[in-house]
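>>> Test case, fold it:
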Amino acid sequence: MRDLEAVLVGFHEVTGCSAAVWAAATSGLETIARSGSAPEPPAELPEGTDQPVRTHDGSTLTIRIASSRRVWLCVGPCEESRTPLEAHARLLLPIVSQFIRASLEVEHAAEELAERYEEINLLYTISEILGRTTSVEEAALAILTELSQTVGARRASILVHEKDSNTLRPVATIGSGDVPLSPIPVTDLGSVSARVFRTRHATMVDAEEVTSEAEAPYVRGALLSVPILWTRPGGSHPLGVVNLSDRGAHSFTAGDQKLVTAIATQIGTAIQNARLVRASMEQQRLQQEMNLANDLQMKLLPSTANVKDVEVAARVVPAESVGGDFYNLFRLGNAATGVMVGDVSSHGYRAALIMALVMSASAIQAQIHPDPGAMLGALLSSLKDELTSTEMHIALFYAVVNRKKAVLTFCNAGHPHAFLMTDDTKPERLMATDPPLGLAEDTPHATSTPLPEGSLLILFTDGISDARNAKSERFGEQRVLDIVKRNRREAVEVTVQKVLESLQRFTGGIAQRDDQTLVLLRA
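Residues are numbered from 1 along each chain as shown. This next block holds a predicted model:
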């Protein structure tokens, strides 16, 4: 109050009037600033009035200063001043009031900072906790420990919402002892936690208001329950609840609720971040597994270099990391070669599983059954249970190429894109002889057609013909056939490459929704 006292001294020098400022203390009044011969404060002053009080001899005038603190201004006595005390008081009162108000604001700020030191320290501590862990359980327990100590709660819990079960699952608890804690259904009408989660509004209740048996272990005495919210553009999303209880004889205050609400916001951010990190790691793990599955799937496809009696080129481009398209090649007796192309009615993991089963089973059945119809019948029998349980089917073409007999014997189970080019004329479509495997129980049957030397067997899946460009135009099967016809005297590997390059230019690199398989065989 040195500045205030300097004001009073200056006032005395100019006016010749003494002045003092008194404030209520523990015992009576105390002087906080004075000048000249201003008197010491009396033992007491009248309560309940703001009217000026004169001394018995009229030499001083005392006025109550309007503030939250009990403070008075005393003006007088004056030395040879003819100005009334009331005029001096009107001059000095606004100045003194401003000093008192500023002083009280400083004191209030200091007191509030002192009161909130633990809370500020808690917020800082929690920020450090969230910065060094991505585990929801680890972060929740550390935060709950700090929070319960700050507000003096001996029981505390953090419950996180589980979408699958629509329950609030405890991820961190304090003070519940060995009592097993069960998840609380969000629909539990007797649960305070469930109500807070549903309404997104904090509440303070007595233990008697908690009627849910699942919630009873969390509560003793008053309960403060605050929703954990994740704020995002467009609003907030509830993620769980923070509960504090067992504070002894003291009730929770509005300040406690405000603090816990601030902490709950940080917990919400931590939960969401942890979920995003976990989802990202899971996606990376899944992608790694898909890539591994793709590598294994590609290794199941046979090498065309192992086929000696005919010239073959083949390529599979899966739409996802693993797909449902496949081809297979078999070296059979009597210089015959088996060639198979298939398209499972889906793609992804399940289609890849069916594809792997077909590859392994067909390798066995092709050696046992020389007739393509019998071979596919045996294959259907071995795959019947898997096709039924997965509700899948397979469009499949299987042919046996016999160069010595100049005959192509084939069975077409619903495969639409199978062609034979015997000369420079238009390729002949090898029509379907049976429905796709898995759609009927009848044994497939085969048919034969002449196979002049140099003939080209053209097999591809609808992932190629149905591929679309930016204008949603189809590539179509005619483009495939035209490219093959123009390059029919080239090596089949060159022709396959030209078809795929033309397809890539047509689609402009747009990701396709279906697998793409192409096989060319020259007899």
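>>> domain assignment for the protein?
2-115, 129-277, 301-522 (automatic domain parsing).
>>> chain center to the shortest one, what's the gap?
Between the mean C-alpha point of domain 2-115 and the mean C-alpha point of its chain there is a distance of 63 Å (Cα atoms, centre = their mean, to the nearest Å).
>>> still on that earlier bit, who wins for proximity to residue 283 among the domains of the chain?
Between residue 283 and the domains of the chain, the shortest separation by Cβ to Cβ is 10.3 Å, and it involves domain 129-277. Yep, even glycine has a C-beta here, placed from its N, CA and C like the rest.
>>> how far out from the middle of the chain is that closest one?
Using Cα atoms, centre = their mean, the offset of domain 129-277 from its chain centre is 20 Å.
>>> for that domain, what is the average pLDDT?
For domain 129-277, the mean pLDDT works out to 81.
>>> Please, where are all the helices along the stretch 251-400 of the chain?
With DSSP state H, counting those that start in this stretch as the criterion, the stretch 251-400 of the chain has helices at 254-300, 349-368, 372-390.
>>> Using a markdown table, please lay out those helices together with mean neighbour count and distance to residue 163.
Output for these, formatted as a markdown table (neighbours: other Cβ atoms under 10 Å; distance: least, Cβ to Cβ, whole Å):
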| stretch | mean neighbour count | distance to residue 163 |
| --- | --- | --- |
| helix 254-300 | 15 | 11 |
| helix 349-368 | 19 | 23 |
| helix 372-390 | 18 | 27 |
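>>> Of the domains of the chain, which is nearest residue 284?
Nearest to residue 284, of all the domains of the chain, is domain 129-277, at 10.6 Å by Cβ to Cβ.
>>> For residue 325, see how far away residue 301 is.
Counting by Cβ to Cβ, to the nearest Å, the gap from residue 301 to residue 325 is 10 Å.
>>> Now for these two: what residues contact both?
Common neighbours of residue 301 and residue 325, using Cβ atoms under 8 Å, 6 or more residues apart in numbering, are residue 316.
>>> What residues are bridge-paired with the nearest residue in space to residue 205 that is not next to it in sequence?
Spatial nearest neighbour of residue 205, chain neighbours left out: residue 223 (5.3 Å); criterion: Cβ to Cβ, 6 or more residues apart in numbering. For residue 223, the beta-bridge partners under DSSP bridges are residue 205, residue 245.
>>> Now do residue 223 against residue 158, distance only.
14 Å.
>>> Same check on residue 470?
From residue 470 over to residue 158 the distance is 51 Å, taken as Cβ to Cβ.
>>> For residue 68, find the nearest of the helices of the stretch 251-400 of the chain.
That would be helix 254-300 among the helices of the stretch 251-400 of the chain, by Cβ to Cβ, at 18.9 Å.
>>> sorry, back to before: pick out whichever of residue 301 and residue 325 has more residues nearby.
Of the pair residue 301 and residue 325, residue 325 is the one with more neighbours under other Cβ atoms under 10 Å, namely 28 against 18.
>>> Does that one touch residue 346 like I think?
No - in terms of Cβ atoms under 8 Å, residue 325 does not count as a neighbour of residue 346; the distance is 10.9 Å.
>>> Beyond the helix or strand bottoming out on mean pLDDT in the chain, next helix or strand please.
Of all helical and strand segments in the chain, the minimum by mean pLDDT, DSSP states H and E falls on helix 117-132, at a mean of 56. The element immediately downstream of helix 117-132 (helix or strand, assigned by DSSP states H and E) is helix 136-151.
>>> Next secondary structure element downstream of that next one?
strand 155-162.
>>> can you state the direction angle for that next one and helix 136-151?
Angle, strand 155-162 to helix 136-151, by axes from the mean of the first three to the mean of the last three Cα atoms, to 10 degrees: 150 degrees.
>>> mind checking how far the residue nearest to residue 205 is from residue 160?
18 Å.
>>> Neighbour count for those two, which is higher?
Ranked by neighbour count (other Cβ under 10 Å), residue 223 and residue 160 place residue 223 first, with 26 against 23.
>>> Pull the contacting residues for the more buried one.
Counting by Cβ under 8 Å, 6+ apart, residue 223 has contacts 192, 204-207, 209-210, 243-245.
>>> any idea which of those is the one closest to residue 17?
Residue 17 has its nearest neighbour among these in residue 204, at 55.2 Å by Cβ to Cβ.
>>> so the closest one makes contact with residue 247?
No - checked against Cβ under 8 Å, the pair residue 204 and residue 247 is beyond contact range at 10.6 Å.
>>> got any residues that touch both of these two?
In contact with both residue 204 and residue 247: residue 222, using Cβ under 8 Å, 6+ apart.
>>> Who wins on neighbours among the contacts of residue 223?
residue 244 (29 neighbours).
>>> got JSON lines for the domains of the chain, with distance to residue 285 too?
Putting the domains of the chain into JSON lines (distance: least, Cβ to Cβ, whole Å) gives the following:
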{"stretch": "domain 2-115", "distance to residue 285": "48"}
{"stretch": "domain 129-277", "distance to residue 285": "12"}
{"stretch": "domain 301-522", "distance to residue 285": "13"}
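>>> Return the distance of the residue nearest to residue 237 when sequence neighbours are not counted relative to residue 236.
Spatially, and ignoring its direct neighbours in sequence, residue 237 is nearest to residue 230 (4.9 Å; Cβ to Cβ, 6+ apart). According to Cβ to Cβ, residue 230 stands 7 Å off from residue 236.
>>> Between those two, point out the one with more neighbours.
When neighbours are counted by other Cβ under 10 Å, residue 230 and residue 236 differ, and residue 230 comes out ahead with 19 against 13.
>>> Tell me the secondary structure of the more buried one, please.
Under the three-state scheme (DSSP: H, G, I helix; E, B strand; the rest coil), residue 230 adopts strand.
>>> ok, and what's touching stretch 426-442?
345, 373, 376, 379-380, 383-384, 387-388, 392-397, 399, 410-416, 418-422, 444-447, 449, 456, 458, 481, 484-485.
>>> Of the residues you listed, keep whichever come out buried.
Neighbour-count burial (16 or more other Cβ atoms under 10 Å) is assigned, among the contacts of stretch 426-442, to 345, 373, 376, 379-380, 383, 387, 392-397, 399, 410-416, 418-422, 444, 446, 456, 458, 481, 484-485.
>>> among those, which are in strands?
394-397, 399, 410-413, 418-421, 456, 458 (DSSP state E).
>>> Not counting residues beside it along the chain, what's closest to residue 493?
Nearest non-adjacent residue to residue 493, counting by Cβ to Cβ, 6+ apart: residue 313, 4.1 Å away.
>>> where's the residue nearest to residue 205 relative to residue 196, distance?
Noted for residue 223: a distance of 10 Å to residue 196, by Cβ to Cβ.
>>> next one: residue 21
Distance from residue 21 to residue 196, by Cβ to Cβ: 50 Å.
>>> In which helix or strand does residue 225 reside?
Assigned by DSSP H and E, residue 225 falls in strand 223-232.
>>> and the angle from that strand to strand 155-162?
Using the same axes, to 10 degrees: strand 223-232 against strand 155-162 is 40 degrees.
>>> For strand 223-232, list every residue counted as buried.
Residues of strand 223-232 classed as buried by neighbour count (16+ other Cβ under 10 Å): 223-230.
>>> do the same with stretch 488-502
488, 492, 495-497, 499-500.
>>> try stretch 456-475
Result for stretch 456-475 [16+ other Cβ under 10 Å]: buried residues 456-465, 467, 475.
>>> and those as CSV, adding distance to residue 504 and pLDDT?
Shown next, in CSV, are the buried residues of stretch 456-475 (distance: Cβ to Cβ, whole Å; pLDDT from 0 to 100):
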residue, distance to residue 504, pLDDT
456, 22, 94
457, 24, 96
458, 19, 96
459, 20, 96
460, 15, 95
461, 16, 92
462, 17, 90
463, 13, 89
464, 11, 93
465, 15, 93
467, 9, 92
475, 10, 94
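>>> What is the neighbour count of the residue nearest to residue 493?
Residue 313, neighbours per other Cβ under 10 Å, totals 17.
>>> again, but for residue 29
Residue 29 has 18 neighbours, counted by other Cβ under 10 Å.
>>> next one: residue 237
Neighbours of residue 237 using other Cβ under 10 Å come to 14.
>>> Nothing else from me, thank you.
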